[in-house]
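[1] need a 3D model of the following:
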Amino acid sequence: MKKNKNIIINLGIAILVYIAVMILTTQGILNRQMTSLIIPICVYVILAVSLSLVVGFLGELSLGHAGFMSVGAYTGGIFLIRTQNVLSPFFSLLGALLLGGIAAAVMGTVIGIPVLRLKGDYLAIVTLASGEIIKSIINAMTNITGGAQGLSGIPRLTNVNNFTLVFILVLITILLVSNLVNSRHGRAVCAVRDNYIAAEAVGIPVSKFKILAFVVAAFLAGVAGVVFAGNIGILKPVQFDYNMSIEILVMVVLGGMGNIKGSILAAVILTLLPEVLRGASDYRMLLYAIVLISMMLFNNSSLKQNFLEKYNLRKAKKEVS
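    Sure, this is the predicted structure:
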């Protein structure tokens, strides 16, 4: 009952956000700069929530998320180019999303089976290297991907007309990850994070659930990559380097490990922040770094712990009464 109530509340908040964004964009209240950030925010929310499944709930540090995103982006981008005069824009985009997600999931399986035998820093280094290998392969496939010059001519998404579809993708991502975490499989994934040896001792197939989380996260990253490709219209391998993976990881860590709502909020803030600070061009990155450090200090401070304790105490009193 409590779970259903939380789902209804979250869906209600999501619907209100959607209505507010549609009103702001259709009425011209948002300027062109802010309007152009709507779809990128959705892309980073999908990426942050999907990576949270691996880093937050599985407890493994992955630095190759941009690699899976690039596989989905190029697969979907090529499909969009080849079908733009054959299929309607909607079915072309739908096919690109499915193909991009599946291609990224296959790559996640290929990489995950040998790589997930590692743990900790070793896993982080290998996933980082895997992302760079994917980038190098894309760079070398000049006839298909355009190589270093990039893949151009991708049919672009318009911010307002396709916002509904992208927003639905964000909702599906959040619901999928939330339900997976709260399911039997999700509890097994969290058990692996909490105590690897104990989970293995009670008969949980650790490798199976690690690969499951890794592949689901890769699929969602591929879907985000397709939306990213349709938003900018041109893809270059340099866009998917390790800096992109680290940026997504920062969103997950800043939002709180295993906290889906926190990851969403961090993705929104960190996507908006550079644009908000664009007016102070000379000090933009300095201010950006200071805000990041301040947020991390607060996130780990006793002030936040006291606030959460008081909040949980009030919540418990309401439930008792």
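[2] could you use CA atoms for every contact and neighbour count after this?
    OK.
[3] and after the helix or strand where I9 lies, which helix or strand comes next?
    Assigned by DSSP states H and E, I9 belongs to helix 2-26. Using DSSP H and E, the helix or strand that follows helix 2-26 in sequence is helix 32-35.
[4] now the element after that next one, going C-ward?
    Following helix 32-35 toward the C-terminus (DSSP H and E): helix 38-52.
[5] show me what the helix or strand that comes right after that following helix is packed up against.
    Next helix or strand after helix 38-52 toward the C-terminus (DSSP H and E): helix 65-83. Where contact means 3 or more Cα pairs under 8 Å, 6 or more residues apart in numbering; DSSP states H and E, helix 65-83 is packed against helix 89-115, helix 120-140, helix 206-232, helix 242-255.
[6] which of the residues in the second one are buried?
    By neighbour count, and taking 16 or more other Cα atoms under 10 Å as the criterion, the buried residues in helix 120-140 are 123-124, 126-132, 134-136, 138-139.
[7] out of the residues you listed, which comes closest to V45?
    G131 (20.0 Å; Cα to Cα).
[8] I'd assumed Q239 was in contact with the closest one.
    No: shown here, G131 and Q239 do not form a contact pair, counting by Cα atoms under 8 Å, at 11.9 Å.
[9] and the residue most central in space within the chain, how far from G64?
    For the chain, the residue nearest the mean C-alpha position is L47 (0.9 Å; Cα atoms, centre = their mean). Note on L47: its distance to G64, by Cα to Cα, to the nearest Å, is 12 Å.
[10] and what of R193?
    Distance from R193 to G64, by Cα to Cα: 19 Å.
[11] neighbour count winner among these two?
    Neighbour totals were compared for R193 and G64, and G64 leads with 29 against 20 (other Cα atoms under 10 Å).
[12] so for stretch 270-283, mean pLDDT?
    Over the span of stretch 270-283, the pLDDT mean works out to 73.
[13] picking that back up, what angle sits between the helix holding I9 and helix 38-52?
    160 degrees (axes from the mean of the first three to the mean of the last three Cα atoms, to 10 degrees).
[14] distance from helix 2-26 to the middle of the chain?
    Relative to its parent chain, helix 2-26 has a centroid offset of 19 Å by Cα atoms, centre = their mean, to the nearest Å.
[15] with stretch 59-77 instead?
    On Cα atoms, centre = their mean, the centre of stretch 59-77 falls 10 Å from that of its chain.
[16] using CSV, list the CA coordinates for that stretch.
    The C-alpha trace of stretch 59-77 is given here as CSV (Å, rounded to 0.1, in the frame of the first residue of the first chain):
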residue,chain,number,x,y,z
GLY,A,59,28.2,-1.2,-5.7
GLU,A,60,30.6,-1.5,-8.6
LEU,A,61,32.5,1.5,-10.0
SER,A,62,32.0,1.8,-13.8
LEU,A,63,33.7,4.4,-15.9
GLY,A,64,32.6,3.1,-19.3
HIS,A,65,29.0,4.4,-19.4
ALA,A,66,29.9,6.9,-22.2
GLY,A,67,31.0,3.9,-24.3
PHE,A,68,27.6,2.3,-24.2
MET,A,69,26.0,5.6,-24.9
SER,A,70,28.2,6.0,-28.0
VAL,A,71,27.2,2.6,-29.3
GLY,A,72,23.5,3.4,-29.0
ALA,A,73,24.0,6.9,-30.4
TYR,A,74,25.8,5.7,-33.6
THR,A,75,23.5,2.7,-34.1
GLY,A,76,20.4,4.9,-33.7
GLY,A,77,21.9,7.7,-35.7
